[in-house]
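Novice: coords below, sequence missing:
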């Protein structure tokens, strides 16, 4: 009888859920195309939101009482499940070296054969370029290096696109494309905004003038990063705050998405100072018979040692575009305070003396905690320890070989440059992982057998910490969460806890796990493990 | 791509909730043991969400309540900025300015006077037919309540600064309101009067500039200065406030000037955040014509220098200005030709920098002024900088050296924030205080 009722209940549940699922072949909702101009974006983020944040009750409350805002796009195991924003790739299953090097690819890039028809010039954003059609009829955006930094911006864009894709973000196809300038021919209807802001017909002569100011390789060829124009309907950039109107799948405020917040951590790895609305793109796509809004990250020239116009200026990633905290400190210090970027500049020497293809990129005075992109988004400020741990966990999954494979995609001519990048990125991977792991009880990969709860301590697994002296404690509580009666505490020096027999009688058992390292006074943030029906039903790292 | 990606978020949440209900129902019917005998694993990437998203509209509506009035500012501001960006107005504006300059029309925008200079050879497309050093410029400026100025300059002046120069200038300038508070250091701000001046100048200048920036400049000039009553009714009239005959030159003057000046980097570049060093010293002989009693020698000197204090981001900048007018042979120095202290300084204010006091606050035959600024950088982003300046202005006017007393120095001090781009001042905001009050300045240059 009980079995019968349970079956009926399950059937009812499944039918109810199925009825609430939208039809797969739904019509496109009326999603308005958004815009994000650089100046507006800067004024909004650096001035308006900074000034009014103290007038927002929720932010004020959290600031006053040091409350964290947990991410909402996480599943019961404290992971970000696949969505139109983020797809677990390397973290779910390590990608092969070939797959990492290839990244997201629809083809091999623009055809090197035949004419490249220039459709129009790109004047928006920080890196101008050309929209072209190759001889196969595919459309691409070509962007180039600065005269003094050959290979810097182009390799940075391609390499960073590989990292972002492997991490889990949607990116367009990026490839290094080398070609003869003679292949470029403007289309009759091609237009380009000239330096005076006027849209002009793009003539061959005008094109030659632009090309003259681009760096050429030894054989007189141009080198570009070629991004394939995305399929679907362009709906403009997505915001790092709020939701898209009329998008039925966009049910979580973006500043509460871990996948958006963690862009801050991934940016710190890739030295990306230009993470902002305008460097995202929403496309209305149809994939596998389903139409939906797919969220992309685009434009990675300002990663690694590059920025608009060549090498990264020294203050980038140390301070915001308008960093009120730094300004206030400088003001009161009467000129006798040196910012980290100033000290680093003194130690590293002038930007101009750095290798051209590397730009201004090193790990001197790099701090994952203090890393800043150029605009102060709420989403990045709301990043919690759990969000940081999640991101660092993904970063730590990349082995040295993985990193080298992705750097190969940048096709740097000088092997020493590739080697330098590898050294910097692998070192920075470890710095970031060490930091965020140390901010958490870095436990993962839980399993339960009989009364033995096993887990991996990532700090030890990755070799950042010795196992000796570490104590793992688990407080048991009856029921879900910590509101039930406290059952007691168990501890272990190994990555396995044996739970007392008497705890078996609980329908739901909640464990609060903490790591205690030798020499550390304060207890690490907890990991909540919920057990029900002999299964781990919930994991949660403390924010 | 797994199925989680195909199912919309709200559907997944509902599905999860229903599954959980079904599970709870099943559990109630017969709960199994808590710990399983075999190892249980889980799918860490399951689409079973931890939280049900809340209604953000209601939540944000409440928490953002206080910010709504500011949205009324933000919306039009954003629309304006978007328009400027989309239509590329800054680039187009720059293009218009460059085009005008290419055609010999040079707009001059200032906070207190705006105008235009005309490069006649360029305007008339005669550049190629004339010697490279030939100059023929005209100008017209207007500053509400301060000045209307127009003139012409013809002659030879080396384009790169070094070489021989010789040119003539014809200039007309009308100042609708100049201030006069009496002579010496002990005048009262409450006794301020105002007057109007109208000056027509015809002058010839010749000299030589060395590559090292040392310059000798000789001048022969005729000036016709008319003094009238200012429009401002709030202030007293000079003639009514001060005893008759106590203000020399009150009836206006016609003056012939013969003078020389030696200088090094002699033109003050008030847009340069680093204050390049400057020195100038000049002597003029001035003789009144017709019924003017003007007969005096004018000695002027100015020195400015900045030093970095261990770092290019810390600068100590100092300036000295001194002027002495020595009337002789029964002549006099007209009051309108005497040095004046007060205000921000520089053209078109015609009063040297003492920022805590009003423009033209102190006047006499002799002036001594020290400006000291400690400047340090508080912000830098690419080539944009903000420099904070702490300054002290110490100055006094007096008649003869024998009447000079240290205690007569008046001081003003204050603070300034200067937005710069590539070491050029874009915007300057300053607050200065003196014993007569506080003054605020919004400028596109610094005082020195």
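Specialist: Noted; the coordinates are in hand. All figures in this text were calculated on a predicted structure; none of them were measured in a lab.
Novice: which other helices and strands contact the helix or strand containing residue A:166?
Specialist: Assigning secondary structure by DSSP states H and E places residue A:166 in helix A:152-167. The contact analysis (3 or more CB pairs under 8 Å, 6 or more residues apart in numbering or on different chains; DSSP states H and E) places helix A:152-167 against helix A:97-102, strand A:139-144, strand A:174-179, strand A:222-228, helix A:263-270, strand A:306-307, strand A:310-311, helix A:400-408. Every residue, glycine included, has its C-beta placed from N, CA and C.
Novice: the inter-axis angle of the last one versus helix A:152-167?
Specialist: Meaning helix A:400-408. Orientation of helix A:400-408 against helix A:152-167 (axes from the mean of the first three to the mean of the last three CA atoms, to 10 degrees) gives an angle of 140 degrees.
Novice: Please, where are all the strands along the stretch 201-350 of chain B?
Specialist: Using DSSP state E, counting those that start in this stretch, the strands of the stretch 201-350 of chain B run over residues B:214-229, B:236-237, B:253-264, B:278-288, B:295-308, B:314-327, B:340-341.
Novice: Identify all contacting residues around the second one.
Specialist: Going back to what we said before, that points to strand B:236-237. Outside strand B:236-237, the residues within contact range by CB atoms under 8 Å, 6 or more residues apart in numbering or on different chains are B:191, B:192, B:193, B:194, B:195, B:229.
Novice: Which one of those is nearest to chain A?
Specialist: Lowest distance from chain A to the contacts of strand B:236-237 (CB to the nearest CB) belongs to residue B:192, with 35.8 Å.
Novice: ok, back up a step: the strands of the stretch 201-350 of chain B: lowest mean pLDDT?
Specialist: Least confidently modelled of the strands of the stretch 201-350 of chain B is strand B:236-237, at a mean of 80 by mean pLDDT.
Novice: what distance separates that one from the centre of its chain?
Specialist: Centroid separation for strand B:236-237 versus its chain: 30 Å, with CA atoms, centre = their mean, to the nearest Å.
Novice: got the residue ranges for the helices in the stretch 101-250 of chain B?
Specialist: Taking DSSP state H, counting those that start in this stretch as the criterion, the stretch 101-250 of chain B carries its helices at B:120-123, B:238-241.
Novice: Kindly spell out which helices and strands sit in contact with the last one.
Specialist: Contact here means 3+ CB pairs under 8 Å, 6+ apart; on that basis helix B:238-241 packs against strand B:193-209.
Novice: Contact residues of the stretch 51-200 of chain B facing chain A?
Specialist: Within the stretch 51-200 of chain B, the positions adjacent to chain A are B:51, B:53, B:56, B:59-60, B:62-67, B:70, B:74, B:77-78, B:81-82, B:84-92, B:94-95 by CB under 8 Å from any CB of the partner chain.
Novice: Inside helices: which ones of the residues you listed?
Specialist: Those of those mapping onto helices are B:56, B:59-60, B:62-63, B:70, B:74, B:77-78, B:81-82, B:84-86, B:89-92, B:94-95, per DSSP state H.
Novice: tilt between the helix holding residue A:166 and strand A:139-144?
Specialist: 130 degrees.
Novice: tell me the average confidence for helix A:152-167?
Specialist: Across helix A:152-167, the average pLDDT comes to 98.
Novice: And it, how far out from the chain middle?
Specialist: Relative to its parent chain, helix A:152-167 has a centroid offset of 12 Å by CA atoms, centre = their mean.
Novice: which residues of the stretch 101-250 of chain A score low on pLDDT?
Specialist: Low-confidence segments of the stretch 101-250 of chain A, defined by pLDDT under 70: A:123-128.
Novice: Any idea which residue of it lies closest to chain B?
Specialist: residue A:197 (3.0 Å).
Novice: Many thanks, have a good one.
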